[in-house]
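1. What follows is a predicted protein model with its sequence.
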Amino acid sequence: TLPKTVKIVEVGPRDGLQNEKENVSAEAKIQLVDMLSAAGFANIEAASFVSPKWVPQMATSREVMDKITRRAGTIYSALTPNMQGFEAALAAKADEVVIFGSASEAFSQKNINCSIAESIARFEPVAAAAKANGLRLRGSISCSFGCPYQGEVPLESVADVVRRMRDLGCDEIDIADTIGVSTARKTQAVMETAAREFHLDRIAGHFHDTYGQALANIYASLEVGVSIFHSSVSGLGGCPYAKGATGNVATEDVVYLLHGLGIETGIDLDKVVDAGLFIMGQLGRKGNSRAGNALAAK
Ligand code: HMG
Ligand code: MG
């Protein structure tokens, strides 16, 4: 049986907009986050405190966090690769910080400029500081289903990083398909591997839709009991350090699927569609959500 309720983490303001060439103004990001919280998301990834030389699109993260209207019950998350990022997230009053590693050595080097082991050592003080300050801690594991640089990623590498993230005290762990290469059965094998190391109800699926498999991978994950998924409004996004990777699975499509299955999300789909129309209007193009486009045309 499938889960009765699912938590969707809306990552469009971070994963989506970090990869847009157009410079989206802080004002537009603030309005987007506020429209998303009004749509009912319990968790929105709103900021990323990384080097502005690496990802200039996220340089306005502090302003965004300062000016959004915080909705009671919504967790606002921020990416924090190191202590400098953590201090910024704390000052910006993030509710949750996200340490992000990789199951692939090659991707770790490209994305955060260090080995997997070095990244875990960097995350240790971040994790301790998160606990000391009462913030939620999430661990994200890129390339859990394949890597743009090394190709195949062994299940044991995923299990190893899940254990390390667990031992750092993560409240939630994201199993990420950075380049969208997984297919349904493979997805189940990886999720089952992760669930042998960590609580199944605190494992999240983060699927990019590069090969059009994301919804199938979500359904496959539901079948093995995963009940947290990440998605981006209008399918915004990608990763600047994974060439050719397209956006996350579109939130509108995921909500449409889940509601069709009778699974509760707490999300108002019409309001998500409005948020998508707003941000795509800012970007000057049509969104990538099939359900979103269909509903908007009604
Ligand atoms: P580094 O160059 O090794 O770091 O980068 P460093 O400690 O040597 O510092 C170099 C410079 O960066 C210094 O400035 C620092 O102050 C500055 P300088 O003295 O040269 O002027 N710096 C910072 N500035 C602001 N905030 C910080 C920070 N840290 C250092 N936190 C580092 C290492 C991790 C910083 C760098 O590699 C980086 O910022 N990488 C970010 C990459 C990134 O954001 N990728 C996208 C997000 S991950 C993702 O999308 C995947 C995910 O969606 C899951 C999936 O789909 O797979 C989560
Ligand atoms: Mg991502």
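-> That came through fine. Ligands and ions are numbered 1, 2, ... in the order given.
2. Spell out which parts of the stretch 101-250 of the chain neighbour ligand 1.
-> With C-beta under 6 Å from any ligand atom as the criterion, the stretch 101-250 of the chain meets ligand 1 at residues 111-113, 140, 142, 176, 178, 206, 208, 239-241. (Glycine included, C-beta is placed from N, CA and C.)
3. any idea of the mean pLDDT for the helix or strand harbouring K110?
-> Assessed by DSSP states H and E, K110 sits inside helix 105-112. Mean pLDDT, helix 105-112: 96.
4. and if you look at stretch 31-50?
-> 98.
5. again with stretch 53-65
-> 97.
6. circling back: mind checking which of the residues of the stretch 101-250 of the chain next to ligand 1 land in helices?
-> 111-112 (DSSP state H).
7. Drop anything exposed from the residues of the stretch 101-250 of the chain next to ligand 1.
-> 111-112, 140, 142, 176, 178, 206, 208, 239, 241 (16 or more other C-beta atoms under 10 Å).
8. Widest-spaced pair of these?
-> Taking C-beta to C-beta as the measure, those span a maximum distance of 17.8 Å, between I112 and H208.
9. Can you pull out the residues in contact with the helix or strand containing L137?
-> Here L137, judged by DSSP H and E, is contained in strand 136-142. Strand 136-142 has contacts (C-beta atoms under 8 Å, 6 or more residues apart in numbering) with 75, 77, 95-104, 107-108, 111, 123, 127, 130-131, 158, 161-162, 165-166, 168-176, 178, 206, 239, 242.
10. on that earlier part again, now the buried ones among the residues of the stretch 101-250 of the chain next to ligand 1 as JSON lines including distance to N217?
-> Below are these laid out as JSON lines (distance: C-beta to C-beta, whole Å):
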{"residue": "N111", "distance to N217": "21"}
{"residue": "I112", "distance to N217": "25"}
{"residue": "S140", "distance to N217": "16"}
{"residue": "S142", "distance to N217": "15"}
{"residue": "A176", "distance to N217": "11"}
{"residue": "T178", "distance to N217": "13"}
{"residue": "H206", "distance to N217": "10"}
{"residue": "H208", "distance to N217": "10"}
{"residue": "C239", "distance to N217": "17"}
{"residue": "Y241", "distance to N217": "21"}
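11. Go through these and name the one with the lowest pLDDT.
-> Ranked by pLDDT, these bottom out at C239, which has 61.
12. Give me the spatial nearest neighbour of R164, chain neighbours excluded.
-> With sequence-adjacent residues excluded and distances taken as C-beta to C-beta, 6 or more residues apart in numbering, R164 is closest to I120, at 5.0 Å.
13. Might one say that the one you found is in contact with V162?
-> No. In this structure, I120 is not within contact of V162 by C-beta atoms under 8 Å, at 11.9 Å.
14. Between these two, point out the one with more neighbours.
-> Between I120 and V162, counting by other C-beta atoms under 10 Å, V162 is the more crowded of the two (25 against 20).
15. in a strand, that's where L295 is, yeah?
-> No. Applying DSSP: H, G, I helix; E, B strand; the rest coil, one finds L295 to be helix, outside a strand.
16. That one is in contact with V272, isn't it?
-> No. With contact defined as C-beta under 8 Å, L295 and V272 do not form a contacting pair (9.1 Å).
17. can you list residues touching both of these two?
-> Common neighbours of L295 and V272 (C-beta under 8 Å, 6+ apart) are E252.
18. and those two? which has more neighbours close in?
-> V272 (33 against 18).
19. so which strand or helix has the more buried one?
-> With DSSP H and E as criterion, V272 is part of helix 269-283.
20. V97 now?
-> strand 96-102.
21. how about the nearest residue to S61, chain neighbours excluded?
-> A47 (3.7 Å).
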